[in-house]
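Chemist: here is the input, now give the coordinates:
(one chain, ligands or ions: 1)
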Amino acid sequence: MIIATFYEASTCVTLCTSLVGVYENIRQKVFDPISQYKCRSCKSKRLKIVNDETTEDGIAKKLFLQCEECEEITEIVFEENDTSKSQYIKGIEQE
Ligand SMILES: [Zn+2]
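Modeler: Numbering: from 1, shown residues only. Reported below is the predicted structural model:
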């Protein structure tokens with residue numbers, strides 16, 4: 001069944017591509033700029049990622065950072081900029 005094989009192969013490629021997309025998306029937002037965030041309680045920068053929320057298409061939407069000093073959870077919400085959607089997405093620290 002050549003057709004089925006082709007279908008499976010293309011499905012796999014699509015999945016792999018979207019996985020890479022998710023990874024790049026998260027890496028771009030999280031691993032590089034995480035140093036800009038600090039604990040909202042004790043202002044420590046020793047934060048680690050404990051949870052996240054993503055949209056249906058795999059865009060990271062929320063991040064939960066836990067302080068290693070006082071264990072306070074700081075919630076980061078990524079807001080999409082409508083005018084330049086794919087260019088820059090800014091993380092907002094929730095009060
Ligand atoms: Zn803290």
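
Chemist: strands along this structure, start to end?
Modeler: 47-54, 60-67, 73-80, 89-93 (DSSP state E).

Chemist: buried residues in the first one?
Modeler: Spelled out, it's strand 47-54. 47, 52 (16 or more other CB atoms under 10 Å). All C-beta spots, glycine's among them, are computed from the backbone N, C-alpha and C.

Chemist: quick one: strands adjacent to it?
Modeler: strand 60-67 (antiparallel) (DSSP bridges).

Chemist: near the ion, which residues of this structure are found?
Modeler: Taking CB under 5 Å from the ion as the contact definition, the chain meets the ion at 39, 41-42, 44, 67, 69-70, 72.

Chemist: which of these count as buried?
Modeler: Buried among the residues of the chain next to the ion by 16+ other CB under 10 Å: 39, 67.

Chemist: quick one: which of the residues of the chain next to the ion is nearest to Phe78?
Modeler: Checking the residues of the chain next to the ion against Phe78 by CB to CB gives Cys39 as the nearest, at 18.9 Å.

Chemist: distance of the closest one relative to Lys61?
Modeler: Distance check for Cys39 against Lys61: by CB to CB, to the nearest Å, it reads 21 Å.

Chemist: still on that earlier bit, tabulate the strands of the chain (a markdown table), appending distance to Leu15.
Modeler: Converted to a markdown table, the strands of the chain look like this (distance: least, CB to CB, whole Å):
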| stretch | distance to Leu15 |
| --- | --- |
| strand 47-54 | 16 |
| strand 60-67 | 18 |
| strand 73-80 | 24 |
| strand 89-93 | 24 |
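
Chemist: those strands: which one's closest to Ser35?
Modeler: Smallest distance to Ser35 across the strands of the chain (CB to CB): 8.9 Å, for strand 47-54.

Chemist: give me the contact list for the closest one.
Modeler: 22, 26, 30, 34, 37-39, 60-68, 73-74 (CB atoms under 8 Å, 6 or more residues apart in numbering).
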